[in-house]
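Peer 1: Next input, structure requested:
(chains A and B)
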2 protein chains.
Amino acid sequence: MKKLINRPEDVVKEALAGMEALHAELIRVDYESQVIVRADAPVQGKVGIISGGGSGHEPMHGGFVGCGMLDAACPGEIFTSPVPDQMLAATRAVNGGAGVFYIIKNYTGDVLNFEMAAELAAAEDIEIASVVTNDDVAVQDSLYTAGRRGVGVTVLLEKIVGGLAETGASLEAVAEMAQRVNANGRSMGMALTSCTVPAIGRPTFDLDENEMEIGIGIHGEPGCRRVPLASAAEVTEMLVNPILEDLELKAGERVIAFVNGMGGTPQIELYVMANELAKILRGKNITIARSLVGSYITSLEMAGCSITLLRTDDEILKYWDAPVHTPALRWGI
Amino acid sequence: MKKLINRPEDVVKEALAGMEALHAELIRVDYESQVIVRADAPVQGKVGIISGGGSGHEPMHGGFVGCGMLDAACPGEIFTSPVPDQMLAATRAVNGGAGVFYIIKNYTGDVLNFEMAAELAAAEDIEIASVVTNDDVAVQDSLYTAGRRGVGVTVLLEKIVGGLAETGASLEAVAEMAQRVNANGRSMGMALTSCTVPAIGRPTFDLDENEMEIGIGIHGEPGCRRVPLASAAEVTEMLVNPILEDLELKAGERVIAFVNGMGGTPQIELYVMANELAKILRGKNITIARSLVGSYITSLEMAGCSITLLRTDDEILKYWDAPVHTPALRWGI
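Peer 2: Here you go, the predicted structure:
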């Protein structure tokens, strides 16, 4: 296992310490609860935005804590849901009196644990609302999920909802926007290679030198099919066509286009994919209003990529463009 | 060869097309000359800043074209110097009447070709100045270089000098700042794996499952030694100690700390390394004034990382903090 780590059991805590050391102006870490909190939390009168999930998908979610995005992130161990106590600690830390909003990716463990945290928070008179993202068109059910998995849309949603919350919007308004973003976004991913969970020490699955997996999840759970290696143009078609169909995107519509690397894919390949995506959308007269290209929701060192399209309008763009200052996403500040 | 590409010979041009399609508000691409130019170039009265080098190191340099950083980038084929004609085309495109400044990494091909471009530009009465970055403490000479190689400091220098040029500073002032940044920065890198140039189709070198290479360059050229796999703490010591010694950093000084991924290393590992770096610097009473963590100067899908430290002062920090808006680095705008 070739990794830049010390003991496998210390990876998550040490990475958190590294984040805090290098971004002390943005975040602080509560090591006992294993929670990353915005440095100025709680912001009085603002809805607190929390997300969380297994580690190994960095920069999601901890890299998105800061002004204009998340107030806190709860990282579990690698590919493992955080526990309700973490989420409750985060809830208390970001509660500014206007309610707290949970952004939950649709994985059974995450959903159950956030639900339990919401009950515990309610018992402390903290008002909670939530969204469960389920944008992955690849599979209906999977190893870890009933229904569709939550993937790339989660990143876009955290930015947009975070931007809205920063304006002092109500918990209802935040929840409504989150539902709207989730309903209008779809994703699909693929892998060229597997990845290795440090505590396990061997690849999660095997892929031959001449094959790839289409419809992969972010934990190495199975995709929808294993196929021979194909060109970037063909791979892009395999990912984008199911998205376009499911989202029923029509000529004249605008999207935020997100080309995401899975952790081990270099940026030059992401831009080759971006070029194919742009060609397909141009051919259908769909406009890329904004874009995000990079490795933002990853699966350790997996080589591969995912594409997310989010149908957009002026209001969504307004909050996408709003200032943000986090370790991994920053503009306007 | 597992890559998200079409034909190997089209990778660079297609990635440029992807960049232009997704960042049309920031950059335009001259495909004939293979040059990426800031969308609003030439900016009248501003020194034009140009860098360039082989492709395969993305986002460097094309991802750094935009307001507050580079006016143009000249990407060569993968791991191959761009040619003087590209540099001359870039020079003409960004010449706003205040001179043009070349940021050149110290590789023999790059240096010779930029020198020739400078002569051609001078013949057209365009004033040229330049800096050759040579921050890599690993090796004195290498396969591609007489003297030390230019690596991570180049990224920091492009930001700082770009910020200064945006204020309307003179060509002399830009050149002086560039020399100062280069003189005060040092880097060292390592690799866990090799990488594969698309047109070659096999790894540039071989590394056993239980070994890594310390002092690696960004083209897979040899490092200073091949050693057994070690912990993140040990690897960080191997990289940082030569930097500290060579830079003669003293207690009480401040640095910009740059923890860079080589392309195939996930961010969670970079933050484990960042934690080790922060511990070492804390122990020496050296303050991390600013930081950059991510894959910014890469070697295709190579797994590994490099560390760069730049001794800093208020003036350097002022231009580091200045607004920047490029595909890969953005703040304040």
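Peer 1: quick one: A:Glu9 and A:Ala199 touch, right?
Peer 2: Yes. Using Cβ atoms under 8 Å, A:Glu9 is in contact with A:Ala199, at 6.6 Å. (C-beta placed from N, C-alpha, C; glycine too.)
Peer 1: Can you give me the neighbour number for A:Asp125?
Peer 2: Per other Cβ atoms under 10 Å in any protein chain shown, the neighbour tally for A:Asp125 reads 7.
Peer 1: same thing with the one 3 residues further on?
Peer 2: Taking other Cβ under 10 Å as the neighbour definition, A:Ile128 ends up with a count of 22.
Peer 1: and it, what is it in contact with?
Peer 2: A:91, A:99-102, A:118, A:121-122 (Cβ atoms under 8 Å, 6 or more residues apart in numbering or on different chains).
Peer 1: now those as CSV including neighbour count and secondary structure?
Peer 2: Formatted as CSV, the contacts of A:Ile128 follow (neighbours: other Cβ atoms under 10 Å in any protein chain shown; DSSP: H, G, I helix; E, B strand; the rest coil):
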residue, neighbour count, secondary structure
A:Thr91, 28, helix
A:Gly99, 20, coil
A:Val100, 29, strand
A:Phe101, 27, strand
A:Tyr102, 27, strand
A:Ala118, 22, helix
A:Ala121, 22, helix
A:Ala122, 12, helix
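Peer 1: near chain B, which of those show up?
Peer 2: By Cβ under 8 Å from any Cβ of the partner chain, no member of the contacts of A:Ile128 lies near chain B.
Peer 1: where do the strands sit along the stretch 151-300 of chain A?
Peer 2: Taking DSSP state E, counting those that start in this stretch to define them, one finds strands in the stretch 151-300 of chain A at A:185-191, A:211-214, A:225-228, A:254-261, A:287-294.
Peer 1: Select, out of these, the one closest to B:Val181.
Peer 2: Nearest of those to B:Val181, taken as Cβ to Cβ: strand A:287-294 at 25.5 Å.
Peer 1: That closest one: which residues count as buried?
Peer 2: For strand A:287-294, burial by neighbour count (16 or more other Cβ atoms under 10 Å in any protein chain shown) applies to A:288-294.
Peer 1: And for stretch A:247-257?
Peer 2: Residues of stretch A:247-257 classed as buried: A:247, A:249, A:253-257 (neighbour count, 16+ other Cβ under 10 Å).
Peer 1: how close does the spatially closest residue to A:Gly48 that is not a sequence neighbour get to A:Val161?
Peer 2: Distance criterion Cβ to Cβ, 6 or more residues apart in numbering or on different chains; nearest residue to A:Gly48, sequence neighbours excluded, is A:Val94 at 3.2 Å. Going from A:Val94 to A:Val161 by Cβ to Cβ, to the nearest Å gives 14 Å.
Peer 1: near chain B too, which of the buried residues of strand A:287-294?
Peer 2: Under the cut-off given by Cβ under 8 Å from any Cβ, chain B has A:288, A:291, A:293-294 from the buried residues of strand A:287-294 close to it.
Peer 1: Chain B: which of these is nearest?
Peer 2: Closest approach between those and chain B, by Cβ to the nearest Cβ: A:Ser291, at 4.0 Å.
Peer 1: show me what contacts that closest one?
Peer 2: A:256-259, A:274, B:22-23 are the contacts of A:Ser291 under Cβ under 8 Å, 6+ apart.
Peer 1: ok, A:Gly99 to chain B distance?
Peer 2: Look at A:Gly99 and chain B: by Cβ to the nearest Cβ, to the nearest Å, they are 30 Å apart.
Peer 1: Check A:Gly63 too.
Peer 2: 7 Å.
Peer 1: wait, isn't that residue in contact with A:His325?
Peer 2: No. Using Cβ under 8 Å, A:Gly63 makes no contact with A:His325, being 11.8 Å away.
Peer 1: These two: who's more crowded?
Peer 2: Between A:Gly63 and A:His325, A:Gly63 has the larger neighbour count (other Cβ under 10 Å), namely 27 against 19.
Peer 1: so what's the more buried one scoring on pLDDT?
Peer 2: Turning to A:Gly63, the model gives it a pLDDT of 98.
Peer 1: what's the closest of the buried residues of stretch A:247-257 to chain B?
Peer 2: A:Ala257 (6.8 Å).
Peer 1: Return the residues in contact with the closest one.
Peer 2: By Cβ under 8 Å, 6+ apart, the residues touching A:Ala257 are A:274, A:277-278, A:281, A:288, A:290-292, A:307-309, B:22.
Peer 1: quick revisit: higher neighbour count, A:Val94 and A:Val161?
Peer 2: The residue with more neighbours, out of A:Val94 and A:Val161, is A:Val161; 29 against 25, by other Cβ under 10 Å.
Peer 1: ok, now how distant is the residue found closest to that one once you drop the neighbours it is linked to in the chain from B:Met87?
Peer 2: Computed as Cβ to Cβ, 6+ apart, the closest residue to A:Val161 that is not its neighbour in sequence is A:Ala178, at 5.0 Å. Distance, A:Ala178 to B:Met87, using Cβ to Cβ: 49 Å.
Peer 1: Tell me which of these two has more neighbours.
Peer 2: B:Met87 (31 against 25).
Peer 1: Quick one: classify the more buried one as helix, strand or coil.
Peer 2: Three-state call for B:Met87 (DSSP: H, G, I helix; E, B strand; the rest coil): helix.
Peer 1: Was I right to think it contacts B:Gly52?
Peer 2: Yes. Using Cβ under 8 Å, B:Met87 makes contact with B:Gly52 at a distance of 6.3 Å.
Peer 1: now the contacts of A:Ser291 as CSV including distance to A:Ala169 and pLDDT?
Peer 2: Putting those into CSV (distance: Cβ to Cβ, whole Å; pLDDT from 0 to 100) gives the following:
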residue, distance to A:Ala169, pLDDT
A:Ile256, 20, 98
A:Ala257, 26, 98
A:Phe258, 23, 98
A:Val259, 29, 98
A:Ala274, 32, 98
B:Leu22, 29, 97
B:His23, 30, 98
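Peer 1: ok, of those residues, which come out buried?
Peer 2: A:256-259, A:274, B:22-23.
Peer 1: about what we covered before: now for the ones next to chain B among the buried residues of strand A:287-294, which pair is the farthest apart?
Peer 2: So, these by Cβ to Cβ: farthest apart are A:Ile288 and A:Gly294, at 15.4 Å.
Peer 1: Now do the helices in the stretch 51-200 of chain A.
Peer 2: For the stretch 51-200 of chain A, the helices defined by DSSP state H, counting those that start in this stretch cover A:84-94, A:108-123, A:153-166, A:171-183.
Peer 1: And for the stretch 201-333 of chain A?
Peer 2: Taking DSSP H, counting those that start in this stretch to define them, one finds helices in the stretch 201-333 of chain A at A:232-247, A:267-283, A:314-321.
Peer 1: now, of the ones you listed, which is deepest in the fold?
Peer 2: Among the helices of the stretch 201-333 of chain A, helix A:267-283 has the highest mean neighbour count (mean count of other Cβ atoms under 10 Å in any protein chain shown), at a mean of 24.
Peer 1: just the angle between it and helix A:232-247, please?
Peer 2: 50 degrees (axes from the mean of the first three to the mean of the last three Cα atoms, to 10 degrees).
Peer 1: CA atoms only for helix A:267-283, dumped as CSV, please.
Peer 2: Output of helix A:267-283 as CSV, limited to C-alpha atoms (Å, rounded to 0.1, in the frame of the first residue of the first chain):
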residue,chain,number,x,y,z
GLN,A,267,-6.4,17.7,-14.4
ILE,A,268,-5.3,17.4,-18.0
GLU,A,269,-7.7,14.4,-18.4
LEU,A,270,-10.5,16.3,-16.7
TYR,A,271,-10.2,19.0,-19.3
VAL,A,272,-10.2,16.5,-22.1
MET,A,273,-13.5,15.2,-20.6
ALA,A,274,-14.7,18.8,-20.2
ASN,A,275,-14.1,19.3,-23.9
GLU,A,276,-16.3,16.3,-24.8
LEU,A,277,-19.0,17.5,-22.4
ALA,A,278,-19.0,20.9,-23.9
LYS,A,279,-19.3,19.5,-27.4
ILE,A,280,-22.3,17.4,-26.4
LEU,A,281,-24.1,20.3,-24.7
ARG,A,282,-23.3,22.6,-27.6
GLY,A,283,-24.9,20.1,-29.9
